[in-house]
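Undergrad: Please find the sequence and the predicted model below.
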Amino acid sequence: MTYIQHYDSPLGDILLAADGQGLTGVWFDGEKYFADNLPVEHTERETHTLSQAKSWLDIYFAGAEPNFTPPLHPVGTDFRMAVWELLLQIPYGQTVTYGDLARRLAEKRGLAKMSAQAVGGAVGHNEISIIIPCHRVVGAGGNLTGYAGGIDKKIKLLELEHIDMSGFFMPKKGTAV
């Protein structure tokens, strides 16, 4: 069974979902791919995992780095799971590029190279946003491209982590956002 709870964040309402194994979703209301993996049959109820997720978010939105991670149960292809595992390794207050992630994944898999666009697709389909920190991934040269929750929220999350924003820029119209 999947259980849900709503969380009122400073950046807007968030829907949390968890099953018996861990957190399966953290979505800003109205984001791209909103609740894509949420089963039709779910129940609104507090669980230990959802309570931990809300505590984690309370600490995070207070401007501090949480010292724990609630149980996670992301659901995806082997490729997406490998990318999401790399996202979990990005330290609080730091960013990496899609190209960096592609190089790390290629090295991990013993490949000469990996497509940054393919990695970007996996990053964009991360269902457990914020906690699996896809907002910490930027385009080459500081392009703030790609965030399912919206670029405005990505910027706020990076600022919340005290990341120096001076080297970043907004994507030009017509590029992936």
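TA: Arrived safely, thanks for sending.
Undergrad: what ranges do the strands span in the protein?
TA: Counting by DSSP state E, the chain has strands at residues 2-9, 12-18, 23-28, 42-44, 96-97, 137-138.
Undergrad: out of these, nearest to Pro70?
TA: Shortest distance between Pro70 and the strands of the chain, using Cβ to Cβ, is found for strand 23-28: 5.5 Å. Using the backbone N, CA and C atoms, a C-beta is placed for each residue, glycine as well.
Undergrad: re the thing from before, can you say which of the strands of the chain is nearest to Phe79?
TA: Proximity to Phe79 (Cβ to Cβ) singles out strand 137-138 among those, at 15.6 Å.
Undergrad: Would you mind pulling up the elements that that closest one packs against?
TA: Under the contact definition 3 or more Cβ pairs under 8 Å, 6 or more residues apart in numbering; DSSP states H and E, strand 137-138 sits against strand 96-97, helix 98-108.
Undergrad: can I get these in TSV with mean neighbour count?
TA: Converted to TSV, the helices and strands packed on strand 137-138 look like this (neighbours: other Cβ atoms under 10 Å):
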stretch	mean neighbour count
strand 96-97	18
helix 98-108	18
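Undergrad: Could you point out which of the ones you listed sits nearest Arg136?
TA: For the helices and strands packed on strand 137-138, proximity to Arg136 was assessed by Cβ to Cβ; strand 96-97 is nearest, at 6.6 Å.
Undergrad: got the contact list for the closest one?
TA: By Cβ atoms under 8 Å, 6 or more residues apart in numbering, the residues outside strand 96-97 that reach it are 90, 116, 136-140.
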